[in-house]
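Student: Structure, please.
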Amino acid sequence: MVEENKSLENVSFEESLAELEAIVDRLESGKGSLDEAIKAYQRGSELKRHCQTKLDEARMKVEEIRLPESGNKPEISDFE
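Tutor: You can find the predicted model right below:
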């Protein structure tokens, strides 16, 4: 699991998702103080945005791969 105050810059989608799932479990259990729940919710919001960004990046990369009509190898263009 990722350290809760760690920057998400170099955190993978899978690590972010695992931490987000742990936060959801904690919040759903109702354990902990209100302050802890607020901090967990804030971190969960950051993780959700990070996961969405990673998914959007992956989708754009996949869209860059086009299958030519001839059925030959896919054309791959640079993605920036």
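Student: Spatially central residue in the protein, please.
Tutor: Nearest to the geometric centre of the chain sits residue 51, at 1.5 Å (C-alpha atoms, centre = their mean).
Student: Which residue is the nearest non-sequential neighbour of residue 32?
Tutor: residue 26 (6.6 Å; C-beta to C-beta, 6 or more residues apart in numbering). No exception for glycine: its C-beta is placed from N, CA and C like everyone else's.
Student: was I right about that neighbour contacting residue 33?
Tutor: No. Under the criterion of C-beta atoms under 8 Å, residue 26 makes no contact with residue 33, lying 11.6 Å away.
Student: Between these two, tell me which one has more neighbours.
Tutor: The residue with more neighbours, out of residue 26 and residue 33, is residue 26; 15 against 8, by other C-beta atoms under 10 Å.
Student: mind listing what's buried in the strand or helix carrying that one?
Tutor: Residue 26 belongs to helix 13-29 when assigned by DSSP states H and E. For helix 13-29, burial by neighbour count (16 or more other C-beta atoms under 10 Å) applies to 15, 16, 19, 20, 22, 23.
Student: Residue 65 pairs with what?
Tutor: With DSSP bridges as the criterion, residue 65 is bridged to residue 76.
Student: that older thread, tell me which of the buried residues of helix 13-29 is nearest to residue 39?
Tutor: residue 23 (9.6 Å; C-beta to C-beta).
Student: for this structure, what helix or strand is lowest in average pLDDT?
Tutor: The least trusted helix or strand in the chain, going by mean pLDDT, DSSP states H and E, turns out to be strand 75-76, with a mean of 62.
Student: Output the contacting helices and strands for the helix or strand containing residue 60.
Tutor: Per DSSP H and E, residue 60 falls inside helix 34-63. Counting contacts by 3 or more C-beta pairs under 8 Å, 6 or more residues apart in numbering; DSSP states H and E, helix 34-63 is packed against helix 13-29.
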